[in-house]
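**Q** Build me a model:
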Amino acid sequence: MKLAVVSHSGGLDSTTLMGYMLENGYVVQPINLNYGQENVVEMKAQDNVVNYFQDRYGKNRVYDTIKLDLTPIVNPIQNIINNFRENGFDNKELDDANLKHYFPNRNLLFSSIAGVFAETLAYFNGLKETAICIGIHKHTTYKPY
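**A** Next comes the predicted model:
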């Protein structure tokens, strides 16, 4: 078995990635991370996307989503994050609308959490390796500050 842990927001990037992994023979374990993001449309779509892939490939290839609520971790530092958004850097790649939703290093956080699940699932399934997948689009920027 080839297993991929996909950090799945329900958006286009992670959905495309999930479909790619399935087309390439992987069993997919979606994880969905709520960090207090305002784009709840993607979070609601996430269930529909997983249901679609389960209908198409079967539940033996697309596992039910592991949903994690990170807001208890994020909420205490929300003021720091808001300050960072307002004063932390001058980034011409992000307009005001995108900066409002920017969460510093969220993809590093997502990768780390996906890695925990990947290693654990590999161990319990007797696998030597597991893929860790996060969809990152070209407007995600990492500017030194």
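**Q** CA atoms for contacts and neighbours, from now on please.
**A** OK.
**Q** packing partners for the helix or strand harbouring E42?
**A** Element membership of E42 [criterion: DSSP states H and E] is helix 40-57. Taking 3 or more Cα pairs under 8 Å, 6 or more residues apart in numbering; DSSP states H and E as contact, the helices and strands that helix 40-57 lies on are helix 12-23, strand 27-34.
**Q** looking at the ones you listed, which is closest to T120?
**A** strand 27-34 (12.0 Å; Cα to Cα).
**Q** and the closest residue to L33 other than its chain neighbours, what is it in contact with?
**A** Spatial nearest neighbour of L33, excluding adjacent residues (Cα to Cα, 6 or more residues apart in numbering): L68 at 5.0 Å. Shown here is L68, whose contacts under the criterion Cα atoms under 8 Å, 6 or more residues apart in numbering are I31, N32, L33, N34.
**Q** same thing but at 10 Å, please
**A** L68 is in contact with I31, N32, L33, N34, Y35, I113, counting by Cα atoms under 10 Å, 6 or more residues apart in numbering.
**Q** If you rank those residues by neighbours, which is first?
**A** Neighbour counts for the contacts of L68 (other Cα atoms under 10 Å) peak at I31, which has 22 neighbours.
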